[in-house]
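*Asks:* Quick check, what structure comes out for this input:
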Amino acid sequence: MKVVVLLSGGLDSTVALANAVNKGHEVVAVSFDYGQSHIKELEAARRIADHYKVPHQIIDIRGILAGASALTGALEIPETHATDIDATYVPGRNLVMVSIGAAVAEAVGAGVVVIGANADDNAGYKDCRPKFIDALDIALREGTLNSVGVWAPFIRMTKKDIVDFSRAIGAPIGWSWSCYRGGETPCMNCGACESREDAFK
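*Replies:* Model (predicted):
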């Protein structure tokens, strides 16, 4: 099956892409420039897509996701992982990205959009919750000619589970980028760094 993987360059999407390739799917990778402070993740996305030799497109949606979020520079980046909706929430991010992914899927003849949403992100991001993914899957299947679906393989897995799984399939998670601050090296005190560090313990 042909699939579109939303590849942010982060840990979860890297493993999602590796998983799709390992399952024998024909993969097209799509990344987004939404003006994120950690734009360095797109460098990671390029490297990972090149590693798997999959077509890779970076789509500029900065004019769409310019809302008040710490990840677009409008607010301070919190130093702990979100346990509720916090300043790192980007309004409509997954709704927009999955919808564009579905449009790409229709254009290239793919049947599914793959997203790396996981259980650890459920608390802080409503658009990473099973109810949202299930509802969006229904909406897209109804609204696309080829009934494009949404697949979130890690929706009930923690980041630690994902790290363990990545080792089993040989995903290059060392190339992925998680830090929200996007410096030359990870800051090690933002919520994304904290979450990543905990996952490797």
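*Asks:* use CA for all of it now, contacts and neighbours both
*Replies:* Noted.
*Asks:* For residue 109, the count of nearby residues, please.
*Replies:* Here the count is done by other C-alpha atoms under 10 Å, and residue 109 has 15 residues near it.
*Asks:* Would you agree it is in contact with residue 2?
*Replies:* Yes: here residue 109 lies in contact with residue 2, judged by C-alpha atoms under 8 Å, at a distance of 7.0 Å.
*Asks:* Which single strand of this structure contains the most residues?
*Replies:* Counting by DSSP state E, the longest strand found in the chain is strand 26-33.
*Asks:* Now do that one: everything it contacts.
*Replies:* Under the criterion C-alpha atoms under 8 Å, 6 or more residues apart in numbering, residues 1-9, 17, 20-21, 39, 42, 45, 49, 54-62, 97, 101 lie in contact with strand 26-33.
*Asks:* Kindly indicate whether residue 58 is helix, strand or coil.
*Replies:* Residue 58 carries the three-state label strand when classified by DSSP: H, G, I helix; E, B strand; the rest coil.
*Asks:* What distance do you get for the residue lying closest to it once chain neighbours are set aside to residue 6?
*Replies:* Take residue 58 and drop its neighbours on the chain: the residue closest to it by C-alpha to C-alpha, 6 or more residues apart in numbering is residue 31, 4.6 Å away. Separation of residue 31 from residue 6 (C-alpha to C-alpha, to the nearest Å) stands at 6 Å.
*Asks:* who's more crowded, the two?
*Replies:* A count of neighbours by other C-alpha under 10 Å puts residue 6 above the other of residue 31 and residue 6, at 27 against 21.
*Asks:* residues in contact with the more buried one?
*Replies:* Here residue 6 is in contact with 13, 29-31, 97-98, 101, 113-116 (criterion: C-alpha under 8 Å, 6+ apart).
*Asks:* Would you confirm that residue 91 contacts residue 67?
*Replies:* Yes: between residue 91 and residue 67 there is a contact at 6.3 Å, judged by C-alpha under 8 Å.
*Asks:* Okay, now the unreliable bits of the chain?
*Replies:* Within the chain, the stretches with pLDDT under 70 are 70-86.
*Asks:* where exactly do the helices run in it?
*Replies:* 11-22, 40-52, 93-108, 130-143, 159-169, 191-199 (DSSP state H).
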